[in-house]
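Participant: Predicted structure and sequence below. I'll ask about it afterward.
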2 protein chains.
Amino acid sequence: MNDIDIETLKGIANQLRIHSIAATTAAGSGHPTSCCSAADLVAALFFGHMRYDPKNPHFYNNDRFILSKGHAAPLLYAAWAETGLFPAEDLLKLRQLGSDLEGHPTTRLPFADVATGSLGQGLSVGVGMALCARLDKLDYRTYVLLGDGECAEGSVWEAASLAGINQLNNLIAVVDVNRLGQSQPTAFGHNLDVYRKRFEAFGWRTEEIDGHDVDEILEVLAAVGLGNQPLVLLAKTFKGAGVSFIQDKEGWHGKPLSKEEAARAIAELQPTAKSGVGHPIAAPHQLPAPKNDPPASYPPLNYKLGDSVATREAYGNALTRIGESDLRIVAMDGDTKNSTYSEKFYKKFPNRFTECFIAEQNMIGVATGFSARGKVPFASTFACFFSRTVDQLRVAGISRANIKLVGSHAGASIGEDGPSQMGLEDLAFMRAIAGSSVLYPSDAVSAEKLVEQMATHKGICFLRTSRPKTAVIYNNDEKFPIGGAKILREGPNDKATVVAAGVTLFEALKAADTLKNEGIGITLIDAYSIKPLARDIIKAAAQKTNNLVVTVEDHYPEGGLGDAVAGELSADGIKVHKLAVYELPRSGKSEELLAKYGIDAAAIVKKVKSLS
Amino acid sequence: MNDIDIETLKGIANQLRIHSIAATTAAGSGHPTSCCSAADLVAALFFGHMRYDPKNPHFYNNDRFILSKGHAAPLLYAAWAETGLFPAEDLLKLRQLGSDLEGHPTTRLPFADVATGSLGQGLSVGVGMALCARLDKLDYRTYVLLGDGECAEGSVWEAASLAGINQLNNLIAVVDVNRLGQSQPTAFGHNLDVYRKRFEAFGWRTEEIDGHDVDEILEVLAAVGLGNQPLVLLAKTFKGAGVSFIQDKEGWHGKPLSKEEAARAIAELQPTAKSGVGHPIAAPHQLPAPKNDPPASYPPLNYKLGDSVATREAYGNALTRIGESDLRIVAMDGDTKNSTYSEKFYKKFPNRFTECFIAEQNMIGVATGFSARGKVPFASTFACFFSRTVDQLRVAGISRANIKLVGSHAGASIGEDGPSQMGLEDLAFMRAIAGSSVLYPSDAVSAEKLVEQMATHKGICFLRTSRPKTAVIYNNDEKFPIGGAKILREGPNDKATVVAAGVTLFEALKAADTLKNEGIGITLIDAYSIKPLARDIIKAAAQKTNNLVVTVEDHYPEGGLGDAVAGELSADGIKVHKLAVYELPRSGKSEELLAKYGIDAAAIVKKVKSLS
């Protein structure tokens, strides 16, 4: 496959170093030494080994490359410039507003499948891609370049473990062991043996190499795909390699060279550098393209008004229903599938389900990997355990990943298991994810319809489901667009508008009945779309009810439904009164807890009556 | 040390099983089979090995026990009841609203140092405690009981790695390898070798044992403390062990026995069970108590108005200043100490600093461990990387842990590094942590004073620091109580109240000058305490300025300053207009980004003018 000679590859590596140094010096910031340590590895991979169409970085059977150590972005940019994808002069616009060559890679770039820059996340994404290749019967491989420092992140070992369990021999990790972290040397320096033992214990085949010996790199890469284990190259490197006065020196992390230093460095590298070689590797195989088109429609629902069904169970029903015709849909769970009801999908489509075990961070990375390959992944666990994954979700937001999250057991209404199992912060952190949609159905019909919306909407969506069974209150043909809301009660002289969602909607319905018996009308809104919020619907209702709104949510008062409504509508003079879980809850019966923490029907009645 | 015979210990184990089964059956929920698998281990630890004063669970030199597999709570409760701490009848109140014996342990109980129930967190806390024992020159040991399923969590390996690096031979992990997860068998079943290789690769001494053989358990425990490695007992067990019809069977996770089944199970266990044995182990050594009292006061500050100092650097100055006399203060960082400026503390007090490397989840667990032993730990990293730790923070909230978090590099104002390094969600998730305080200083004086407040306030506190240098605007003797705010500008006919914090405060000051030149007055408030918010101060100001408020924050619009102000004040008819970062930012210069995303002086001027 490789018809490029070693000297040329070494020359390309030095050219990549030159680009990285020149770009960071021009920018006045960045990580040139972290680029230099990995330059030979990247040159060997991009110009001596990987199969891809450099004119079409998105081609479905291209080998994938994930720069987990995202701070080496200039190296990645330089490699793509050298393949001919864009002019090398653009590299000097690094980190400028207006250039897509940002400080760390984002998916604004056609060759970055995901954003990186928060360490320890790339390998999880690689696991998702490698699993997807297998599902799609494609022979591309996924390469992930990690730093040694980031191997301290537990998420790396969550990913490593799942790769080992699934025997992903189409996944290759390359660890750039340059010995130096940001603020001090790593714990293990150049002791490759520590990393070798760890990866082996996690089910990997390992190769210890000199990361500056292109010949040796290519030799071990030639054995990629052999055996039934993922492969890791443990590459001994030097930070700043190739430049005498910065190589292997402390104090050079995240620091550009001065103009004079850059000139000296480039003078050292220039004599052996080679550019304009292009991409002399064999093209990827032309295998059948994966079927990633959505179906024209989904089969209908079949609930009866008054049926008692938990929204978490409706989620399982929905995914199984729409998954039949929508082959893009895959699912994953963190050993809670019998509680979240993703088990229904697993039982029907076992080869489209990934059991991620109790490792939620990696689950999000796996989902992100599937989404980067055109799938629509649904990842489920208890709502509270998504708090384990906020950094992964944050970066997925930067990636504009098309992932779907389903969190069951929301709120104090779960009852006896106690606060550690209650999602009471999930709306706050999910709302804060860039580009997210946050959905919170109350009954089975709205839950199923929102799952359909999630499957067709592009972007990160979170569905909050509840543990207790609730009555079906909507007809099967009701529509639930993202960004909408439903007005359930409305009268001509309503005193206030009550905005609820999920289990509290049923408390609000009871409260409406009680208040009606006392001659007090309320407008009642099901705010099933917390983000985007149906601000116009809620505003119009509020303006008809003395500008008074009461929000009621099974969530802490910070960052949830109440803050969302107040944050959107207070500028319009709407007065928002928040009912929420204002203290750390205890174990108890569901209905006891709703009462104790002031989010049940009685609390709503009391609050509405108190308003003037 | 051990003067109890093996048959008695076996009998205690069965009594613990009986208690666990009876309690969960009475509660109608819970995890009896997860208790049964670990009953012999717990009996051996509590009644045959650990040194502690059962009448005084908080005694400073007691051995510590952390139930990382928190769902086995009834087993823990049963053990303490059998030591005589409280009547065994109380166990039947498990999971009832008025009982502190909740579904998962919380610190409402005197014997639970931390809440558990979110898996994979206990070992990190144990690392913190083991490090603290070393610092305090105490010889207590820390025992952590883990499930096998939770070993999939990366945080376990973050903790394992740091324990190995620090050669914590006073830390003992016990893995209850019962083979069965919640929804299916674990990936490795009873293959103890997988766990052995992993722990060994992470620097641990390992012992594979039969977890139901009390003799063998005691034998390996006798070698605790030997060598310079942490020790892990890998215990082969059976879920539901001791009860013939549930032992090692799938489908029994988190499921209580029916009354009839419980009676059958207890009938099997009763003949060999032993109760009322008390705690026949040697008392802990009476070593000097650690000095955990705060000093009467801290040394004064010495800034000059107009000095240019980044708040992140002021943090480093403050911690070093107050750490001299406040010996409770310890610090930790995730290889960003040269950026967060915790390096200043590290250089002055190296033995009170823990380098946690790039493993933020574990860093929070370590901090929580120190706090449970009476220290005041300050953990720092970039604000955005605390998103990695939200589950740990959530559980620390349930623990009411006294931990202090300092997140640097907040917001788009960091500039060129791009969105992956910008904290833009941190206020949202930090506000949602139970019992948290969220602080955001603008200058060096307020930053230092808030560090003092954090050190003396009991509870989780987050300090948000900024990357750019800002002018000192407060006098050295100014006070900054948590929950306060400062009015910086105020006039008789102000049009609106502008509420800012951190870098945007300086934009607001510029805006105030510009507006003043155009004859428009504004009231300007420094909301350095985002939670609790100085609602009365802001409300009073707003009511003098046409009920108009403009918030301006270097954060996404969801869950931050704007939502906090709107959520607190909209009910009073205050109209809150939010300026925030409404789109995914790019790399660029700090001031370019503040302008592009509409949170600079010009944007404030424009917004104030637009109000009517």
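Facilitator: Arrived safely, thanks for sending. Residues are numbered from 1 along each chain as shown, chains lettered A, B, ... in the order given.
Participant: Okay, helices next: where are they in the stretch 351-500 of chain A?
Facilitator: According to DSSP state H, counting those that start in this stretch, the stretch 351-500 of chain A carries its helices in the segments A:360-372, A:390-399, A:426-431, A:444-456.
Participant: May I see these arranged in TSV, with mean pLDDT and mean neighbour count as well?
Facilitator: For every residue, glycine as well, the C-beta is placed using N, CA and C. Formatted as TSV, the helices of the stretch 351-500 of chain A follow (pLDDT from 0 to 100; neighbours: other Cβ atoms under 10 Å in any protein chain shown):
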stretch	mean pLDDT	mean neighbour count
helix A:360-372	98	31
helix A:390-399	98	28
helix A:426-431	98	32
helix A:444-456	98	25
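Participant: Rebuild these as CSV, extending it with distance to chain B.
Facilitator: As requested, these are exported to CSV (distance: least, Cβ to the nearest Cβ, whole Å):
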stretch, distance to chain B
helix A:360-372, 6
helix A:390-399, 4
helix A:426-431, 4
helix A:444-456, 19
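Participant: closest one to A:Leu94 among the ones you listed?
Facilitator: Comparing the helices of the stretch 351-500 of chain A against A:Leu94 with Cβ to Cβ, the closest turns out to be helix A:390-399 (17.7 Å).
Participant: now that closest one and helix B:390-399, what's the angle there?
Facilitator: Interaxial angle of helix A:390-399 relative to helix B:390-399 (axes from the mean of the first three to the mean of the last three Cα atoms, to 10 degrees): 140 degrees.
Participant: Which residues does helix A:390-399 contact?
Facilitator: A:106-107, A:113-118, A:121, A:124, A:155, A:361, A:364-365, A:367-368, A:372, A:386, A:403, A:405, A:429-430, A:433-436, A:460, B:384-385, B:387-388, B:390, B:419-420, B:425, B:429, B:584 (Cβ atoms under 8 Å, 6 or more residues apart in numbering or on different chains).
Participant: hang on, the earlier thing: tell me which of the helices of the stretch 351-500 of chain A lies nearest to A:Tyr315.
Facilitator: Nearest of the helices of the stretch 351-500 of chain A (Cβ to Cβ): helix A:444-456, 5.8 Å.
Participant: Which elements pack onto the closest one?
Facilitator: Helices and strands touching helix A:444-456, by 3 or more Cβ pairs under 8 Å, 6 or more residues apart in numbering or on different chains; DSSP states H and E, are helix A:311-323, strand A:376-382, strand A:437-439, strand A:461-464.
Participant: Name every strand pairing with whichever helix or strand A:His577 is part of and say which way it goes.
Facilitator: Assigned by DSSP states H and E, A:His577 belongs to strand A:575-579. Note on strand A:575-579: by DSSP bridges, its sheet partners are strand A:548-552 (parallel).
Participant: I'd like the next helix or strand past the partner strand.
Facilitator: Following strand A:548-552 toward the C-terminus (DSSP H and E): helix A:561-569.
Participant: Enumerate every residue touching A:Arg51.
Facilitator: Applying Cβ under 8 Å, 6+ apart, the residues near A:Arg51 are A:Met1, A:Asn62, A:Asp63, A:Tyr140, A:Arg141, A:Ile281, A:Ala282, A:Ala283, A:Pro284, A:His285.
Participant: got CSV for those residues, with pLDDT, distance to B:Arg352 and secondary structure too?
Facilitator: Output for these, formatted as CSV (pLDDT from 0 to 100; distance: Cβ to Cβ, whole Å; DSSP: H, G, I helix; E, B strand; the rest coil):
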residue, pLDDT, distance to B:Arg352, secondary structure
A:Met1, 41, 55, coil
A:Asn62, 97, 51, coil
A:Asp63, 97, 48, coil
A:Tyr140, 98, 50, coil
A:Arg141, 98, 47, coil
A:Ile281, 76, 54, strand
A:Ala282, 78, 58, coil
A:Ala283, 87, 59, coil
A:Pro284, 93, 55, coil
A:His285, 93, 58, coil
